[in-house]
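Asks: Just the structure for this:
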Amino acid sequence: MNKLPDFSPFLSSWNGIGPRVGVVMSHGFTGSPHSVRPWAEHLAAAGFAVRLPLLPGHGTIWQDMAKRSWREWHRAVDEAYLELAAECDYVFTAGLSMGGTLALRIAATRPVAGTVVVNPGLVLDDPRAVIVAALKYVVKTTPAIANDILKPDQDEGAYARTPVAAAHQLKKMYKDTAAILPRISSPVLVYKSTVDNVISTASLEFLRDRVTAPVDVRYLGNSYHVATLDNDAPEIFEGTVEFIQRTVATLAGRGPSPEKDTAHEQA
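Replies: You can find the predicted model right below:
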């Protein structure tokens, strides 16, 4: 069994060679930095400056999250972006699930070099979503959506219950972010699990339809939703480093430009 989840934020300073590169990262809905900490640590070991905040209302109790606005979640990631932008030549965004939504939102509202998202959310598939604004006054919580992980003995550190009021905020953020996706002008790398019991392929198809910048989709055949703690995690980590290095080389005039919307199938 893995050690107990670590809810604390993660940060590292740039210590690489060449242009100073930073990565602002985000965990997912009801989750914590623990779910993406190994990813952040891998990027830090590669020399990148990293900021991985704990989103407001997360890592405490669900009642805290129920009081929070999606704009607070966005503000936490945006502030982390501004920290990196002040000290780096290039800043990338990255995130898991709702963290992927936030990463895309930053890419649409700030100058970023590129974005890496893992099973990002943009569409609420739950049929109750249409009445969630009213449902939150009747039902306080629903069962957890946590730990959709194929690899045994993993714990992402998410809440045991999902606050319905927070789900309403998530719906609002999806809608607001969807409207600005066409503003993204930098390349996007998407990792999508072929089996994902939390977010369907509808979110991926929506992203492909709305983002006009280059989109590279890579499918993960041996992981569920929390792929950053699953069997395909090394592929995500190494692929992110390669994507960042290649993108920076392109921006510096040393490499080819990425192609629009390619896909890679894994067995």
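Asks: Sticking with Y219, tell me its helix or strand.
Replies: strand 215-220 (DSSP states H and E).
Asks: Would you mind pulling up the elements that that strand packs against?
Replies: If you count contacts as 3 or more CB pairs under 8 Å, 6 or more residues apart in numbering; DSSP states H and E, strand 215-220 packs onto strand 188-193, helix 201-210, helix 233-251, strand 262-264. For every residue, glycine as well, the C-beta is placed using N, CA and C.
Asks: got a list of contacts for the third one?
Replies: This points to helix 233-251. 18-19, 21, 23, 38-39, 42-43, 46, 48, 90, 92, 94, 113-114, 116, 118, 186-187, 189, 191, 216, 218, 220, 223, 227-228, 255-258, 266 (CB atoms under 8 Å, 6 or more residues apart in numbering).
Asks: Can I get the buried part of those residues as one ChimeraX selection?
Replies: Burial among the contacts of helix 233-251 is assessed by 16 or more other CB atoms under 10 Å; the matching ChimeraX selection reads:
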select :21,23,39,42,43,46,48,90,92,94,113,114,116,118,186,187,189,191,216,218,220,223,227,228,258
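Asks: taking the contacts of helix 233-251 one by one, which sit in helices?
Replies: Using DSSP state H, P38, W39, H42, L43 are the members of the contacts of helix 233-251 that sit in helices.
Asks: Among those, find me the one that's closest to R105.
Replies: Of all the ones in helices among the contacts of helix 233-251, W39 has the smallest distance to R105: 18.9 Å, by CB to CB.
Asks: The closest one and L54: what is the separation?
Replies: 15 Å (CB to CB, to the nearest Å).
Asks: Check A85 too.
Replies: For A85 relative to L54 (CB to CB), the value is 20 Å.
Asks: Let me know how buried E87 is, in neighbour terms.
Replies: 12 (other CB atoms under 10 Å).
Asks: next one: I180
Replies: Using other CB under 10 Å, I180 has 14 neighbouring residues.
Asks: In stretch 17-34, which residues are buried?
Replies: 20-34.
Asks: Ignore what I typed, I meant stretch 120-127.
Replies: Applying 16+ other CB under 10 Å to stretch 120-127 flags P120, G121, L122, V123, L124 as buried.
Asks: So the last one, which state does it fall into?
Replies: Right, L124. Put simply, L124 is coil when judged by DSSP: H, G, I helix; E, B strand; the rest coil.
Asks: cool, and A146?
Replies: Per three-state DSSP, the local secondary structure of A146 is coil.
Asks: Test my guess that it contacts G28.
Replies: No. Between A146 and G28 there is no contact under CB atoms under 8 Å: 9.4 Å.
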